[in-house]
Every structure is written in structure tokens, then in C-alpha cells.
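In: can't give you the sequence, but here's the structure:
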């Protein structure tokens with residue numbers, strides 16, 4: 001695996017200072033099938049994402065037997081969370097295979113643990129970072145255990161209040177993880193309507209916590225790749241599926257491979273379009289600058305010794321002579337030479 005695809009503490013999990021780090025969220029869109037999971041890794045790599053991310057959980061551990069599914073998750077009438085999630089589990093051996101395969105394919109492998117045993121399994125596998133899901137922004141034991149690993153952490157903030165995010169960041173700060181932390185603005189609505197996206201929260205979080213901030217994007221519009229980058233996101237997380245029509249809780253709001261490739265390209269183009277913020281003419285503007293700007297030109301013949309007055313001059317293209325922003329500086333100056341009308345004034349002509 002080359003160095004460019006291996007996430008560093010700054011580039012992968014605290015935001016790339018020189019770019020936008022894009023995570024293709026495979027999540028549970030493998031439907032519990034290892035071969036589909038491999039295919040999602042291939043799709044993420046082909047789309048140009050920096051990382052592919054999965055979810056590690058035990059259904060029996062994270063959901064009570066009678067916990068209902070959210071409306072968007074329902075694939076069978078009356079199905080419980082535990083029953084749904086049981087179909088989507090991968091084993092520790094599966095994750096070992098997937099991590100190794102991702103590394104062979106040259107894409108970073110990330111994963112979200114939903115319990116401390118899941119976290120311990122991922123650390124044992126040698127993951128380079130940990131992602132904390134939105135519901136666990138208030139999971140004190142899991143946050144504390146994640147901080148103790150010494151790994152970079154990315155925490156999503158969907159459905160959280162500012163007080164809850166404050167508390168989580170305070171806990172992680174006390175645990176020594178503040179300089180390893182990135183936050184993702186997230187709206188836990190599937191799909192997220194544009195009016196609910198609230199991309200201004202990206203800047204709010206960045207200003208409040210002084211850490212890299214990204215966007216966990218559940219919208220159904222690829223334009224949000226550019227909008228989020230313009231709003232300051234330097235990490236993007238977007239769900240990836242092989243088939244949006246497949247039966248499963250997350251397929252319908254995920255991007256298929258071609259759409260993911262367009263999403264990645266849009267995000268990269270947006271960052272390029274932002275530039276470095278320096279105000280200066282670009283190379284491609286220089287010809288227009290020269291030909292569309294004007295110079296000070298005489299409106300009538302002038303004789304040596306004659307003082308320039310405003311009515312003697314007009315601004316005429318192209319540039320190259322005395323520029324029009326020097327107009328006030330030449331008024332009252334004396335001509336050293338005779339010049340005819342329509343002469344572009346040069347400084348050497350003035351006494």
C-alpha cells in the first residue's frame with residue numbers, strides 16, 4: 001500500500017490540510033455478504049475515495065430484542081432492530097479479510113465500533129483510526145475507550161445538541177484525545193432534505209472546537225459535495241451501495257459506484273475552485289487585464305510646457321501607458337514634449 005493511500009493522523013482523521021478526505025461509507029450495504037463487501041471496496045477505490053468504511057457490531061449486544069426499527073430502516077413489517085442487524089453482521093475474521101483486501105487495493109480501511117468489544121477487535125486488527133457513530137456521541141464508556149487507544153477519532157454529531165457535543169469533546173479532551181479528534185456535522189435524516197442540511201454548522205463546530213470538521217452527507221443531491229467543501233468541510237462521508245434498489249436499510253439513500261465517482265470528482269473540483277484565498281490576477285487573466293484596461297490618452301494636441309488638465313485626458317484601451325488609477329497624480333504635471341491627439345501618455349513625457 002502506497003503512502004498516499006495510508007491515512008496519517010492529520011490527513012485521514014483530522015482532515016487533510018491540503019485537500020478533502022473522502023470516506024465511502026460501505027456501512028452495512030454488504031447485506032452480510034463478504035463478497036459484496038469486497039465489491040464495495042473495489043467500487044470505493046475506483047470512485048477515487050480516500051477510505052472505505054464499515055460498521056462493526058453484534059446485534060444482540062447493541063439492541064434489545066424488542067427495540068423497533070426507525071421508519072427509514074424498515075424492510076419487513078414489525079421487524080426489530082436486533083433481527084435486522086443480525087442479518088448484517090460481519091465476523092472478526094471477515095473484518096480481517098476486508099482490511100487486508102482494502103490495503104491490497106490501495107485504499108484506507110476504516111470502521112465504526114458500536115461497543116467496546118467491537119472497538120477492541122478493531123484495535124487488534126491494527127486499524128489506523130476509529131469512527132464514532134452519531135448515536136454514540138453520548139456513549140461515555142465507548143468514547144473513553146476510544147480515546148484510550150491513542151488512535152485518531154472521527155465523531156459524527158447527528159441528532160446531538162450542542163451541549164452533548166460540548167460534553168463529548170470535554171471528555172475526549174480530558175482523555176488526551178483532543179488533538180486526534182475530528183467532528184462530522186451530520187443530520188440523522190434519511191435522506192436529508194436540503195432545508196435540513198444546515199451546512200453552516202460546519203463553521204460553527206470548527207470555530208467552537210478548533211478541530212477539523214467534515215460532513216456526513218445523507219442528502220440525495222451530489223451538489224452537496226461542493227456546498228459542504230465551500231462551507232469548510234475537509235472530510236466527507238457518503239454512503240456507497242452497489243444497487244440503490246436492493247433490500248436493506250441504507251441502500252435507498254446511498255450512491256451507486258458511478259454516482260460516487262461523480263461525487264468525489266465534484267468535491268475535488270470544489271476544493272480546487274476555492275483556491276488559496278489570495279487575491280491576485282490569475283495567469284489566465286493577464287491578457288484580459290492588459291487589453292481590457294485602459295491608459296491615459298490625450299484628447300487634443302498638447303505642447304511642451306503645457307500643464308495637464310482633466311479635460312485633456314481620456315481613458316482608452318489597451319493598458320501599457322500611465323494607468324487610469326494614476327489620473328490624479330498627472331493632473332497639473334507639465335508636458336516635456338509636444339504630442340498629438342490620441343497619444344498614450346508615458347511618464348517620460350512629463351516634467
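Out: Structure received. Computed from a predicted structure; not experimentally measured.
In: in this protein, spot the helix with the most residues.
Out: helix 257-274 (DSSP state H).
In: what's the first helix or strand after that helix?
Out: helix 286-292 (DSSP states H and E).
In: go ahead and measure how far that following helix is from the middle of the chain.
Out: 35 Å (C-alpha atoms, centre = their mean, to the nearest Å).
In: what about that helix, average pLDDT?
Out: The average pLDDT within helix 286-292 is 97.
In: and what of stretch 28-35?
Out: 96.
In: span of it from start to end?
Out: From its first residue to its last, stretch 28-35 covers 13 Å (C-alpha to C-alpha, to the nearest Å).
In: with stretch 291-310 instead?
Out: Start-to-end, stretch 291-310 (C-alpha to C-alpha) is 23 Å.
In: contacts for it, please.
Out: Residues from elsewhere that reach stretch 291-310, judged by C-beta atoms under 8 Å, 6 or more residues apart in numbering: 311-324, 326-327, 330-345, 350. The way it works is simple: take the backbone N, C-alpha and C, and place the C-beta from them, glycine included.
In: list the buried ones in the least confident helix or strand in the chain by mean pLDDT?
Out: When each helix and strand of the chain is scored by mean pLDDT, DSSP states H and E, helix 81-86 comes last, with a mean of 75. Buried residues in helix 81-86, counting neighbours by 16 or more other C-beta atoms under 10 Å, are found at 81, 82, 84, 85.
In: check stretch 281-299 too.
Out: Buried residues in stretch 281-299 (16+ other C-beta under 10 Å): 294, 295, 296, 297, 298.
In: out of the residues you listed, who's nearest residue 253?
Out: Among these, residue 294 lies closest to residue 253 (C-beta to C-beta), at 54.8 Å.
In: how close does that closest one get to residue 313?
Out: 11 Å (C-beta to C-beta, to the nearest Å).
In: just to revisit the earlier point, which other helices and strands does the longest helix of the chain contact?
Out: strand 21-27, helix 34-47, helix 223-230, strand 235-239 (3 or more C-beta pairs under 8 Å, 6 or more residues apart in numbering; DSSP states H and E).
In: out of the buried residues of helix 81-86, which comes closest to residue 50?
Out: residue 85 (27.3 Å).
In: which one is that closest one nearest to, not counting chain neighbours?
Out: If you skip the residues right next to it in sequence, residue 85 has residue 59 as its closest partner in space, 3.6 Å away by C-beta to C-beta, 6 or more residues apart in numbering.
In: spit out the contact partners of that neighbour.
Out: 81, 82, 83, 84, 85, 86, 88, 89.
In: before we move on, back to that, for residue 168, which of the helices and strands packed on helix 257-274 is the nearest?
Out: strand 235-239 (17.1 Å).
In: which helices and strands does the closest one pack with?
Out: By 3+ C-beta pairs under 8 Å, 6+ apart, strand 235-239 packs against strand 21-27, strand 181-186, strand 213-217, helix 223-230, helix 257-274.
In: which other residues reach that strand?
Out: 15, 20-25, 27, 29, 53, 154, 156, 182, 184, 212-218, 225, 228-229, 250, 253-255, 260, 263, 267.
In: ok, 7 Å please
Out: Strand 235-239 has contacts (C-beta atoms under 7 Å, 6 or more residues apart in numbering) with 15, 20-25, 27, 29, 154, 182, 184, 212, 214-217, 225, 228, 250, 253-255, 260, 263, 267.
In: of all the helices and strands packed on helix 257-274, which lies closest to residue 112?
Out: strand 21-27 (8.2 Å).
In: ends of stretch 231-245, how far apart?
Out: Start-to-end, stretch 231-245 (C-alpha to C-alpha) is 31 Å.
In: what is the rounded mean pLDDT of that stretch?
Out: Rounded mean pLDDT across stretch 231-245 is 97.
In: buried set for that stretch?
Out: In stretch 231-245, counting by 16+ other C-beta under 10 Å, buried: 231, 232, 233, 234, 235, 236, 237, 238, 239, 240, 241, 242.
In: that one: how far from the chain's middle?
Out: Relative to the centre of its chain, stretch 231-245 is centred 10 Å away, using C-alpha atoms, centre = their mean.
In: one more: stretch 337-351?
Out: The answer for stretch 337-351 is 55 Å, by C-alpha atoms, centre = their mean.
In: which parts of the stretch 51-200 of the chain are helices?
Out: 59-62, 81-86, 92-105, 116-125, 140-148, 162-174, 200-209 (DSSP state H, counting those that start in this stretch).
In: looking at the helices and strands packed on strand 235-239, which is buried most?
Out: strand 213-217 (a mean of 29; mean count of other C-beta atoms under 10 Å).
In: tell me the strands beside it, with direction?
Out: Strand 213-217 sits in its sheet next to strand 181-186 (parallel), strand 235-239 (parallel), going by DSSP bridges.
In: break this protein down into its domains, please.
Out: Domains of the chain are assigned by automatic domain parsing as 9-274, 283-349.
In: mean neighbour count, the ones you listed: which tops it?
Out: The most buried one of these (mean count of other C-beta under 10 Å) is domain 9-274, showing a mean of 19.
In: okay, now the unreliable bits of the stretch 51-200 of the chain?
Out: 65, 69-78 (pLDDT under 70).
In: if we go to 80?
Out: Counting by pLDDT under 80, the stretch 51-200 of the chain shows low-confidence ranges at 60, 63-86.
In: ok, and the closest non-adjacent residue to residue 26?
Out: In space, residue 26 is closest to residue 40, 4.0 Å off (C-beta to C-beta, 6+ apart).
In: should've said residue 118
Out: residue 56 (4.2 Å).
In: how close does residue 184 get to residue 55?
Out: 15 Å.
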